[in-house]
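S.K.: okay, structure incoming, though there's no sequence with it:
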């Protein structure tokens with residue numbers, strides 16, 4: 001049974017499966033021209049799907065493509081975990097490396113990525129899945145790529161994964177996936193650099209399917225984070241409001257549709273959609289489009 005709080009958030013009671021037959025879906029991202037991007041991490045493919053139509057492959061051999069976002073010009077930014085880098089794809093299809101090293105040392109395995117309204121790009125780089133002999137960086141970190149290309153370590157934690165900004169972009173939420181399950185809140189100054197950090201929410205659970213992973217924030221400041229059993233929803237103050245259950249446990253989600261009121265879930269072998277009553281926080285590029 002769905003609790004009353006979730007019933008007031010969701011506009012449809014159950015998720016609709018849009019497509020299936022994948023290995024492990026991730027990286028959902030809404031394009032305002034009317035379609036979602038997503039990746040099949042383990043098949044190393046980037047897809048585009050317009051609701052009501054079959055998905056189409058946009059790129060093969062993504063190098064373990066995972067988290068996605070846009071820059072302020074609407075170019076696709078992709079974490080390529082197997083390639084150990086963050087890239088940007090131009091309008092002509094050319095691929096530019098934004099980050100593959102920090103202080104001369106090779107990144108571990110970039111996982112998720114978000115864009116701030118000043119044009120800076122933040123990404124997570126967990127190290128646990130990289131063999132110890134191949135790790136050049138000792139920390140698993142959250143990094144910031146400044147508009148001028150300079151890379152700064154923002155925070156470290158055991159296994160940083162999904163990322164999302166608060167509505168005013170003064171808090172960066174970081175999902176910690178391994179060892180302990182929680183959401184870290186990194187408070188930022190006006191320039192996007194860290195001031196202090198705190199635990200936003202505990203996501204420990206007896207449920208064994210799912211870990212804290214992808215995150216998004218709606219216009220009322222609620223945090224949606226995929227986790228054990230489904231998608232956990234928190235108030236802006238960190239109180240757990242409930243868990244959205246879908247046929248498969250999702251690894252990530254995105255708000256989309258013309259009104260940003262469609263939740264798009266990448267969940268194991270499939271992608272799903274549900275309608276919500278409040279829109280998601282728009283990407284900075286959306287607000288800049290004519």
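M.R.: Arrived safely. Predicted model, so just to flag it, every value in this text is computed and none were measured.
S.K.: need the pLDDT of the nearest residue to residue 229 once chain neighbours are set aside.
M.R.: If you skip the residues right next to it in sequence, residue 229 has residue 207 as its closest partner in space, 4.0 Å away by CB to CB, 6 or more residues apart in numbering. C-beta: built from backbone N, CA, C; applies to glycine. According to the model's per-residue confidence, residue 207 sits at a pLDDT of 88.
S.K.: again with the one 3 residues further on
M.R.: Looking at residue 210, its pLDDT stands at 91.
S.K.: what about it, distance to residue 78?
M.R.: Taken as CB to CB, to the nearest Å, the spacing of residue 210 relative to residue 78 amounts to 23 Å.
S.K.: mind giving me the packing neighbours of the strand ranked longest in the chain?
M.R.: In the chain, assigned by DSSP state E, the strand with the most residues is strand 194-202. Under the contact criterion of 3 or more CB pairs under 8 Å, 6 or more residues apart in numbering; DSSP states H and E, the helices and strands touching strand 194-202 comprise strand 151-156, strand 182-188, strand 223-227, strand 230-234.
S.K.: so which of the ones you listed is the most packed in?
M.R.: Each of the helices and strands packed on strand 194-202 was scored by mean neighbour count; the highest is strand 223-227, a mean of 27, by mean count of other CB atoms under 10 Å.
S.K.: so for that one, mean pLDDT?
M.R.: pLDDT averaged over strand 223-227 equals 98, rounded to a whole number.
S.K.: kindly report the same for stretch 118-133.
M.R.: Averaging the model's pLDDT scores along stretch 118-133 yields 94.
S.K.: beta partners for residue 47?
M.R.: Note on residue 47: beta-bridge partners by DSSP bridges are residue 38, residue 57.
S.K.: just checking, it touches residue 62?
M.R.: No - look at residue 47 against residue 62 with CB atoms under 8 Å: they stay out of range, at 10.2 Å.
S.K.: what is in contact with these two at once?
M.R.: In the contact map built from CB atoms under 8 Å, 6 or more residues apart in numbering, the residues linked to both residue 47 and residue 62 are residue 39.
S.K.: what segments of this protein are helices?
M.R.: According to DSSP state H, the chain carries its helices in the segments 4-9, 284-288.
S.K.: which positions within the last one qualify as buried?
M.R.: Okay, so that is helix 284-288. Along helix 284-288, these residues count as buried under the neighbour rule (16 or more other CB atoms under 10 Å): 284-285.
S.K.: can you name the residues that contact residue 62?
M.R.: Shown here is residue 62, whose contacts under the criterion CB under 8 Å, 6+ apart are 39, 44-46, 78, 80.
S.K.: wait, which of the helices and strands packed on strand 194-202 is closest to residue 66?
M.R.: Distance to residue 66, taken as CB to CB, is lowest for strand 223-227 among the helices and strands packed on strand 194-202, at 13.4 Å.
S.K.: what's the closest one in contact with?
M.R.: Contacts made with strand 223-227 from outside it, assessed by CB under 8 Å, 6+ apart, are listed as 162, 164, 173, 175, 181, 183, 200-201, 203, 205, 210-218, 231-234, 236, 243-244, 249-253, 263, 265.
S.K.: same question for stretch 36-44.
M.R.: Stretch 36-44 is contacted from outside by 22-31, 45-51, 55, 58, 60-66, 68, 76, 78, 81-82, 254, 256, 264, 266, 271, using CB under 8 Å, 6+ apart.
S.K.: can you give me the buried ones in stretch 248-261?
M.R.: Within stretch 248-261, the residues that count as buried by 16+ other CB under 10 Å are 248-257, 260-261.
S.K.: export these to JSON lines and tack on pLDDT?
M.R.: Conversion of the buried residues of stretch 248-261 to JSON lines gives the following (pLDDT from 0 to 100):
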{"residue": "248", "pLDDT": "98"}
{"residue": "249", "pLDDT": "97"}
{"residue": "250", "pLDDT": "98"}
{"residue": "251", "pLDDT": "98"}
{"residue": "252", "pLDDT": "98"}
{"residue": "253", "pLDDT": "98"}
{"residue": "254", "pLDDT": "98"}
{"residue": "255", "pLDDT": "98"}
{"residue": "256", "pLDDT": "98"}
{"residue": "257", "pLDDT": "97"}
{"residue": "260", "pLDDT": "98"}
{"residue": "261", "pLDDT": "98"}
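S.K.: nothing else from me, thank you.
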